[in-house]
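1. Below are the sequence and a predicted model; questions follow.
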Amino acid sequence: MPEAPATAKKEGKYSAAGKLLVDSKLISAAQLEHALSEQKEKALRLGELVVNLGFASEADVLKAFNDHYPVRLTRLNERRSLIPRGLVATLMARVRGMRVSIKAKLSVAIIFILLLTIFILSFVILTRQRQNLYLQTVQTGKVSLGYFVSNAKIPLLNGEVLALNRLIKEAGSVEGLVYATITDRDGTIMAHTDPTQLRKKLALPQHPRELTKEGTYTYFTYMNEKGQHVLNMASPVTLQDKVLGEVNVGVSLDFISQQIRQETLTVLLLSSGIIALGIAIAVFMGIGFSRPISQLVVGAREIGQGNLKYKIPAGSNDELGDLGTAFNYMSGELWKKQMMQESFGKYVGSDIVQMILANPESPWLKGTRSTATVMFTDIRGFTHFSESREPEAVVEALNQYFEIATRVILEYGGYVDKFIGDAVMGVFGVPVESTVHAQSAVGAALAMQKEFMAAAQASGNPVLAHVGIGINTGVLVSGNLGSQAKMEYTVIGDTVNTASRLNGLAQSGEVVISAATLEPIRALAEVEEMEPQMVKGKSEPVQVFKVLSMKEGDSHAPGSARPQQAAV
């Protein structure tokens, strides 16, 4: 909540906070006046007073201030120093939200580096050139002074004005020489490149700039009345340590500025060409960097959508190329893993594959004791059928039978343990635990027989009408069995053996179950009790039942699932 002083900082008539609330049409001017009068007596902020007086809701007041100030208030009693959202804050917020591509960033970076480099080099080179030209001008002035001083001694001693002016005239045509003058010891001009200055007193700046003395030479720079930048150099004329006068020469320094301007123009032209080349290189490099990254983004999306065969085009022979190669290797390995999982799942069931991949060292793979239901299906008269048919026809008939049996077992929450000739062994309750494994197994058997009969009539496949199914429930051992060369996840025990024997008692189209299987589904299944049967491996007759029907409802539900953990 913004601070609102008791005596409001007037902006017109109201404080900034009050004006904001009025402009937002949350309160009227009269309500603001009333709130301000209350504020003088209560140590509350304006927003809190407005809410306490019932003029506006807290949510509306917060929204008004959050829209106007670059902060996010959640309650009115927050202490914040708030500044209205201005143009700079708005621009900064927009800049922070902008998405800048790598190409643009790289181009800006390269151009900035080029500009900085060119600026520094140009400044250093032009500064050194200016200094060198100045020193060269000083040297030229010294040469001219030496010439005048050497040849002006005798004429100056004898007062030969014509000889002195002839000497000056000979040097007057030197390029860059603004003037040359010879004065006597009193400062009277005896010779000058401008004859009108003869016999006048030499007038020089009173406060020269950059005054320098080197031996007998004195020089400084100044701006003359014509606006010329002049280097004045002076040296006394002496004969046997007697001062006869002084020689002054003025050398123009304007050519230095002109030369620097020309060089600057040349540097600008060269810089423009370099910058253009830099932009082209930056764009080329930016494309080189961004294209592989864009391809990686597309590849990642394809992989995320399940297209594990997607490959990134071969890139450059550098780190980005290595990244693309690694990506392709990753996608290839993921595809192999998926293919292995799908293929392996056809042999051991998808549930087994998922559990092996999730936790290969899980104890249930090493052997666990569980209560589960085992189903065996078998084709009656299959030996005779196979002897009277071509192998291709036998395989085709079997595959249709296996397809229906496998699909129904999986739909009802079981898994196909193995195919044994023309028999199918299905297990319910392991490795995925189920509280209704007997119900699921019987429901699957009835659904399977129904589909077998329908498919037999539709396709004319005779084996489908002669399938018997036996089911038994009890304690068994499940886990990985085999050797280092070949492992198989399966179930073993008396429960499995008894289920196989019950399958032998079932006639075509029948489902035969044990008393242990019937017990948990007695209220759901309609059965016909059969004569107790002696089966191999049992000393006492086994009570068996033929399932006639089962109530609709929960028979399809596989129940809750979690891996068995009770180690043997």
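-> Cool, got the structure.

2. average pLDDT across the helix or strand that contains residue 280?
-> Secondary structure from DSSP states H and E places residue 280 in helix 254-304. Across helix 254-304, the average pLDDT comes to 81.

3. what's it packed up against?
-> Counting contacts by 3 or more C-beta pairs under 8 Å, 6 or more residues apart in numbering; DSSP states H and E, helix 254-304 packs against helix 102-151, helix 319-348. All C-beta spots, glycine's among them, are computed from the backbone N, C-alpha and C.

4. Would you format the ones you listed as JSON lines with mean neighbour count, mean pLDDT and distance to residue 270 included?
-> Shown next, in JSON lines, are those (neighbours: other C-beta atoms under 10 Å; pLDDT from 0 to 100; distance: least, C-beta to C-beta, whole Å):
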{"stretch": "helix 102-151", "mean neighbour count": "15", "mean pLDDT": "84", "distance to residue 270": "8"}
{"stretch": "helix 319-348", "mean neighbour count": "14", "mean pLDDT": "73", "distance to residue 270": "33"}
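
5. In JSON lines, list these along with distance to residue 163.
-> Converted to JSON lines, the helices and strands packed on helix 254-304 look like this (distance: least, C-beta to C-beta, whole Å):
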{"stretch": "helix 102-151", "distance to residue 163": "9"}
{"stretch": "helix 319-348", "distance to residue 163": "83"}
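
6. Out of the ones you listed, which is closest to residue 503?
-> helix 319-348 (21.6 Å; C-beta to C-beta).

7. so what secondary structure elements neighbour the closest one?
-> Using 3+ C-beta pairs under 8 Å, 6+ apart, helix 319-348 sits against helix 254-304, helix 350-358.

8. Let me know which of these is tucked in deepest.
-> With neighbours taken as mean count of other C-beta atoms under 10 Å, the helices and strands packed on helix 319-348 reach their highest mean count in helix 350-358, at a mean of 16.

9. Tabulate the helices and strands packed on helix 319-348 (CSV), appending distance to residue 455.
-> CSV is the format used below for these (distance: least, C-beta to C-beta, whole Å):
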stretch, distance to residue 455
helix 254-304, 39
helix 350-358, 24
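
10. Out of those helices, which is closest to residue 522?
-> helix 350-358 (28.2 Å).

11. next SSE after the closest one?
-> Following helix 350-358 in sequence, per DSSP H and E, is strand 368-379.

12. Sort out which residues of that next one are buried, please.
-> Going by neighbour count (16 or more other C-beta atoms under 10 Å), the buried part of strand 368-379 is 368, 370-379.

13. Which strands or helices does that strand pack on?
-> Strand 368-379 packs on helix 391-411, strand 423-428, helix 437-459, strand 467-482, helix 494-505, going by 3+ C-beta pairs under 8 Å, 6+ apart.

14. Can you list the strands that the fourth one pairs with?
-> Each strand that strand 467-482 pairs with, and the sense of that pairing, follows from DSSP bridges: strand 368-379 (antiparallel), strand 487-492 (antiparallel), strand 511-514 (parallel).

15. starting at the chain centroid, how far to it?
-> Put simply, strand 467-482 sits 52 Å off its chain's centre (C-alpha atoms, centre = their mean, to the nearest Å).

16. same question for it, mean pLDDT?
-> 91.

17. Direction-wise, compare it with helix 391-411 and give the angle.
-> For strand 467-482 against helix 391-411, the angle by axes from the mean of the first three to the mean of the last three C-alpha atoms, to 10 degrees is 80 degrees.

18. how close does the residue of the chain most remote from its centre get to residue 443?
-> In the chain, residue 158 marks the outermost C-alpha relative to the chain mean, sitting 92.6 Å out by C-alpha atoms, centre = their mean. Distance, residue 158 to residue 443, using C-beta to C-beta, to the nearest Å: 144 Å.

19. Can you give me the domain assignment for this protein?
-> Using automatic domain parsing, the domains assigned to the chain come out as 16-96, 119-258, 349-556.

20. Distance to residue 314 for those - can I get that in JSON lines?
-> JSON lines is the format used below for the domains of the chain (distance: least, C-beta to C-beta, whole Å):
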{"stretch": "domain 16-96", "distance to residue 314": "38"}
{"stretch": "domain 119-258", "distance to residue 314": "41"}
{"stretch": "domain 349-556", "distance to residue 314": "32"}
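
21. what's the most buried one of the ones you listed?
-> domain 349-556 (a mean of 18).

22. nearest to residue 28, of the helices and strands packed on strand 368-379?
-> helix 391-411 (70.9 Å).

23. quick one, what contacts residue 198?
-> For residue 198, the contact set (C-beta atoms under 8 Å, 6 or more residues apart in numbering) comprises 161, 165, 189-192.

24. would CSV of those with distance to residue 130 be doable?
-> Converted to CSV, these look like this (distance: C-beta to C-beta, whole Å):
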residue, distance to residue 130
161, 39
165, 35
189, 32
190, 35
191, 32
192, 30
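
25. ok, so of those, who is nearest residue 405?
-> Of the contacts of residue 198, the one sitting nearest to residue 405 (C-beta to C-beta) turns out to be residue 192, at 127.7 Å.

26. quick one: contacts for the residue farthest from the centre of the chain?
-> Per C-beta under 8 Å, 6+ apart, neighbours of residue 158: none.

27. cool, and residue 490?
-> By C-beta under 8 Å, 6+ apart, the neighbours of residue 490 are 417-418, 478, 481.

28. got it, and residue 129?
-> Contacts of residue 129 (C-beta under 8 Å, 6+ apart): 259-260, 263.

29. same deal with residue 122?
-> 264, 267, 271.

30. what pLDDT does residue 384 get?
-> At residue 384, pLDDT is 84.

31. rewinding a little: which of the contacts of residue 490 lies closest to residue 430?
-> residue 478 (4.4 Å).

32. From residue 183, how far out is the closest one?
-> From residue 478 to residue 183 the distance is 125 Å (C-beta to C-beta).

33. Spell out which strands sit alongside the host helix or strand of residue 230 in the sheet and which way each one runs.
-> Element membership for residue 230, per DSSP H and E: strand 229-239. Here strand 229-239 has these sheet partners by DSSP bridges: strand 217-223 (antiparallel), strand 242-252 (antiparallel).
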